[in-house]
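> I'd like to go over a predicted model; first the sequence, then the structure.
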Amino acid sequence: MVRRIASQVHKQAARLLRAEYIKREPAWFKAVLDHPPLPLPPKAPPVRAEIEERLERRHLRPNAKLRPPKNHPLPIFYLEDEVRRQFFRDHPFEAFRAVSLVEGGAVEDEHPIKGKEWTRLGQRGRNPTPEDAVHFAVNLHRHHSMSLSVAYARAVAQFRSLRSEHDVATTFARMEAEAYGAVFDSEIDRTFEKEKKVYESEDRKVELDQGAMLARKRWKAILDVESGMGGWDRGQQYTSLWKQGVRPTYAPVAESSSSVETEALASTAPAGARRVAAGPDFMGVLR
């Protein structure tokens, strides 16, 4: 018997019964007639134009290989990512806060307050983190029938109020501790403070004062008032003597010379020079 398609077996059996080739109906014949199998989907022959177009493409690209379809994964979306992105856009300096990245041996258990029981951000602590604010906004949106914008606004408002209370409390606690003598500096800062106190001590000030006094005495200009120099006459006396032809000499003269040598020197000098010798010293002429 020729092999037939499964959906046409009952038709072939009906033909054989009509031709009396089969004397008795098979046991399955009535059941198949009551519930015939589904027909195969029709397959239309390809259009000639499409075949020609494919042949032209293969002729233009004889070595072209069909690329398998790329399987792109579905996009992974979490609502927390959107809220977190908006939160750090509104509070950029929260990203600069120090966060501990040390992980323990086990994953930390989730906070017991969650779902409909979580109605206030302060239920999880007086100093919330940005992650607490993000999860609180999503919790309000999912479990309290709030729109995401209203939930985010309420979460941000409570986060700011709690952070402000914590900052004020921390500031006053530090001031109170410093009033009782607490020091919050590091050891390096304390060392610098001790060194500064040593330099500012009284002994150091006395040493600096004495050194300044010695320096001033060392470079102090000592003037001999009784050396015979008079007041400053703006060079008028020098100019007058120069016009008279008196030329001063700057040769040093010993102070221990006798009065006879002084008189002889005065007698040999011109009249103008005698007046200079008799009067006060003029530009160190006689010295």
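Yep, that arrived.
> residues contacting residue 102?
Residues counted as contacts of residue 102 (C-beta atoms under 8 Å, 6 or more residues apart in numbering): none. All C-beta spots, glycine's among them, are computed from the backbone N, C-alpha and C.
> Return the backbone torsion pair for it.
With angles defined as degrees, to the nearest 10, residue 102 shows backbone torsions of phi -80, psi 130.
> Please apply the same query to the one 3 residues further on.
Dihedral pair for residue 105: phi -70, psi -20, per degrees, to the nearest 10.
> Give me the residue ranges of the stretch 51-200 of the chain where confidence is low.
Along the stretch 51-200 of the chain, the parts satisfying pLDDT under 70 run over 51-66.
> How are the helices of it distributed by residue range?
All helices of the stretch 51-200 of the chain, identified by DSSP state H, counting those that start in this stretch, fall at 79-90, 130-143, 148-179, 187-199.
> between the third one and helix 79-90, how big is the angle?
Which is helix 148-179. Angle, helix 148-179 to helix 79-90, by axes from the mean of the first three to the mean of the last three C-alpha atoms, to 10 degrees: 60 degrees.
> and residue 213, helix, strand or coil?
Three-state assignment for residue 213 (DSSP: H, G, I helix; E, B strand; the rest coil): helix.
> That one: neighbouring residues, count only.
10 (other C-beta atoms under 10 Å).
> Next one: it relative to residue 205, how far apart?
In this view, residue 213 and residue 205 are 13 Å apart by C-beta to C-beta, to the nearest Å.
> Output the helices of the stretch 51-200 of the chain as a markdown table; include the columns mean neighbour count and distance to residue 122.
Formatted as a markdown table, the helices of the stretch 51-200 of the chain follow (neighbours: other C-beta atoms under 10 Å; distance: least, C-beta to C-beta, whole Å):
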| stretch | mean neighbour count | distance to residue 122 |
| --- | --- | --- |
| helix 79-90 | 14 | 18 |
| helix 130-143 | 20 | 10 |
| helix 148-179 | 14 | 6 |
| helix 187-199 | 10 | 36 |
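> Out of those helices, which is closest to residue 233?
helix 187-199 (51.5 Å; C-beta to C-beta).
> which helices and strands does that closest one pack with?
The helices and strands touching helix 187-199, judged by 3 or more C-beta pairs under 8 Å, 6 or more residues apart in numbering; DSSP states H and E, number zero.
> that older thread, the helices of the stretch 51-200 of the chain into JSON lines, with extra columns for distance to residue 31?
JSON lines is the format used below for the helices of the stretch 51-200 of the chain (distance: least, C-beta to C-beta, whole Å):
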{"stretch": "helix 79-90", "distance to residue 31": "55"}
{"stretch": "helix 130-143", "distance to residue 31": "54"}
{"stretch": "helix 148-179", "distance to residue 31": "59"}
{"stretch": "helix 187-199", "distance to residue 31": "96"}
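> out of those, nearest to residue 27?
Comparing these against residue 27 with C-beta to C-beta, the closest turns out to be helix 130-143 (60.4 Å).
> now the closest one against helix 79-90, angle please.
Using the same axes, to 10 degrees: helix 130-143 against helix 79-90 is 130 degrees.
> Convert helix 130-143 to CSV, retaining C-alpha atoms only.
Provided in CSV are the C-alpha atoms of helix 130-143 (Å, rounded to 0.1, in the frame of the first residue of the first chain):
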residue,chain,number,x,y,z
PRO,A,130,20.0,58.3,49.9
GLU,A,131,19.1,54.6,49.3
ASP,A,132,16.5,54.8,52.1
ALA,A,133,14.9,57.8,50.5
VAL,A,134,14.8,56.0,47.1
HIS,A,135,13.2,52.8,48.5
PHE,A,136,10.8,54.8,50.6
ALA,A,137,9.5,56.7,47.4
VAL,A,138,9.1,53.4,45.6
ASN,A,139,7.3,51.9,48.6
LEU,A,140,4.8,54.7,48.7
HIS,A,141,4.2,54.3,45.0
ARG,A,142,3.6,50.6,45.1
HIS,A,143,1.9,50.0,48.5
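> For this structure, which residue occupies the most central location?
With distances taken as C-alpha atoms, centre = their mean, residue 96 lies nearest the centre of the chain, 7.4 Å away.
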